[in-house]
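Asker: have a look; sequence and predicted model below, questions after that.
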Amino acid sequence: MPNHASSRRRLLAGFAAIGAAALARPALAQRRGNWPERPIELAVGFSAGGGTDLTARTYARFMEQALGGSMVVLNRPGASGEIALGAIGRARPDGYLLGMTNMPGLVTLPIERRSPQFRLDDFEYIANLVTDPSAFSVAADSPIASIAALVERARREPDTITYGSTGVGTDDHLALVLFQAAAGVKLVHVPFPGAGPLRTAILGKQVDIAGLNVGEMAGAPDGLRMLVQGGATRSPFAPNVPTFREAGFAMDMGSERGIVAPKALPVEVVTRLREATAQVVRNPDFISQVRTQFTELAYLDGPVWRQRLSEADRGFRDLWQRQPWSEA
């Protein structure tokens, strides 16, 4: 499980990188070469309507201003995001296909899959953008009114409570894995292709518990209720909802969303993408949009982010050795 104790230090390092990139802004205005000459595609490995999709579409709009070109979001759901990430890793490194990623999936999928479609070394890392804690939610009239009630019923009736996630190896699924181990319970896991279909399912009471991020729940319909959240501290967007730690379970989990490109992308294109992204995350309108979506800005420039992912990779490999999660 990743260590969040140094998150503040990483965030400060990210903003230091923003300042350095801001000094290079005049160079950004002088377009290097002719790139981009056509629309840039930004692939999202989940269906439309979820937190990852919203972050991607907001980023794309502001990147169009920063780059002076167009960016089109393409939803390629499937295999917990692996299909889209695999396509990016195999794509021609010309700067016309980028990907919106999720951590932990970006790290955990190559660990858990027998024949993974991508590995961490398959990408150029542009920047991490935001973070969004995991959460457990229920229908508003559910008899499961608290995390304590969930534990009590799960112990009394094992393997009867259904839990929906956005796929195996995602933060939603891993939150379940850690919770089951910490609480000594067993729920029935039901994967969905994205947060949109999962939200529909919990509203329709097709599952008992939904693993949706705080940002996906804070603006959700009144028919849902959040039981617990996965941040190290309470999210400012859900100040009345306890964390897992407050509820007595030593675990944190969340989704970190960033931008990658195929490996071997020309240095000048990588530099330009990083400069433009740094410009975007400084934009007050972008910051406002991120807050409107109930997510927290967590900018990390590419090299700093890659180091963060290496640390997470070691942590999740240790978890896999101790407590492997299933592909099924």
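Answerer: Alright, I've got the coordinates. Numbering: from 1, shown residues only.

Asker: show me where the chain has helices.
Answerer: With DSSP state H, the ranges of helices along the chain come out as 7-23, 25-29, 51-67, 82-90, 105-112, 147-156, 171-183, 195-203, 214-218, 267-282, 284-292, 302-322.

Asker: mean pLDDT for those: which is lowest?
Answerer: Lowest mean pLDDT within the helices of the chain: helix 25-29, at a mean of 40.

Asker: coming back round to it: quick one: the helices of the chain as a markdown table, columns for distance to residue 247 too.
Answerer: For glycine as for every other residue, the C-beta is placed from the backbone atoms N, C-alpha and C. Formatted as a markdown table, these follow (distance: least, CB to CB, whole Å):
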| stretch | distance to residue 247 |
| --- | --- |
| helix 7-23 | 21 |
| helix 25-29 | 46 |
| helix 51-67 | 23 |
| helix 82-90 | 31 |
| helix 105-112 | 24 |
| helix 147-156 | 5 |
| helix 171-183 | 9 |
| helix 195-203 | 20 |
| helix 214-218 | 15 |
| helix 267-282 | 33 |
| helix 284-292 | 26 |
| helix 302-322 | 20 |
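
Asker: winner for burial among these?
Answerer: For the helices of the chain, the largest average neighbour count (mean count of other CB atoms under 10 Å) is found in helix 214-218, namely a mean of 28.

Asker: so which elements touch that one?
Answerer: helix 51-67, strand 123-133, strand 135-139, strand 224-229 (3 or more CB pairs under 8 Å, 6 or more residues apart in numbering; DSSP states H and E).

Asker: for residue 97, find the nearest of those.
Answerer: strand 123-133 (11.3 Å; CB to CB).

Asker: please save the CA atoms from the closest one in PDB.
Answerer: The C-alpha trace of strand 123-133 is given here as PDB (Å, rounded to 0.1, in the frame of the first residue of the first chain):
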ATOM      1  CA  PHE A 123       5.600   5.500 -21.200                       C
ATOM      2  CA  GLU A 124       6.900   9.100 -21.100                       C
ATOM      3  CA  TYR A 125       5.400  10.700 -18.000                       C
ATOM      4  CA  ILE A 126       4.100  14.200 -18.600                       C
ATOM      5  CA  ALA A 127       2.500  15.100 -15.200                       C
ATOM      6  CA  ASN A 128       0.100  13.900 -12.500                       C
ATOM      7  CA  LEU A 129      -2.800  16.300 -12.100                       C
ATOM      8  CA  VAL A 130      -5.200  15.500  -9.300                       C
ATOM      9  CA  THR A 131      -6.000  13.000  -6.500                       C
ATOM     10  CA  ASP A 132      -9.400  11.700  -5.400                       C
ATOM     11  CA  PRO A 133      -9.900   9.400  -2.400                       C
END
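
Asker: partner strands of that strand and their direction?
Answerer: Note on strand 123-133: by DSSP bridges, its sheet partners are strand 254-262 (antiparallel), strand 296-301 (antiparallel).

Asker: that strand vs helix 302-322, what angle?
Answerer: Comparing the axes of strand 123-133 and helix 302-322 via axes from the mean of the first three to the mean of the last three CA atoms, to 10 degrees yields an angle of 70 degrees.

Asker: so which of the strands paired with strand 123-133 is the most surrounded?
Answerer: Of these, the one with the most neighbours on average (mean count of other CB under 10 Å) is strand 254-262, at a mean of 26.

Asker: list the residues that contact residue 266.
Answerer: For residue 266, the contact set (CB atoms under 8 Å, 6 or more residues apart in numbering) comprises 93, 95.

Asker: for it, give me phi and psi.
Answerer: When read as degrees, to the nearest 10, the backbone of residue 266 gives phi -50, psi 140.

Asker: hang on, the earlier thing: could you dump the helices and strands packed on helix 214-218 into a markdown table and include distance to residue 324?
Answerer: Converted to a markdown table, the helices and strands packed on helix 214-218 look like this (distance: least, CB to CB, whole Å):
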| stretch | distance to residue 324 |
| --- | --- |
| helix 51-67 | 25 |
| strand 123-133 | 24 |
| strand 135-139 | 22 |
| strand 224-229 | 24 |
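
Asker: nearest to residue 254, out of the helices of the chain?
Answerer: Nearest to residue 254, of all the helices of the chain, is helix 171-183, at 5.8 Å by CB to CB.

Asker: got the contact list for that closest one?
Answerer: Contacts to helix 171-183, defined as CB under 8 Å, 6+ apart, come from residues 1, 80, 102-105, 108, 134, 136, 151, 154, 163, 165-167, 185-187, 189, 191, 211-213, 230, 244, 249-251, 253-255, 323, 325.
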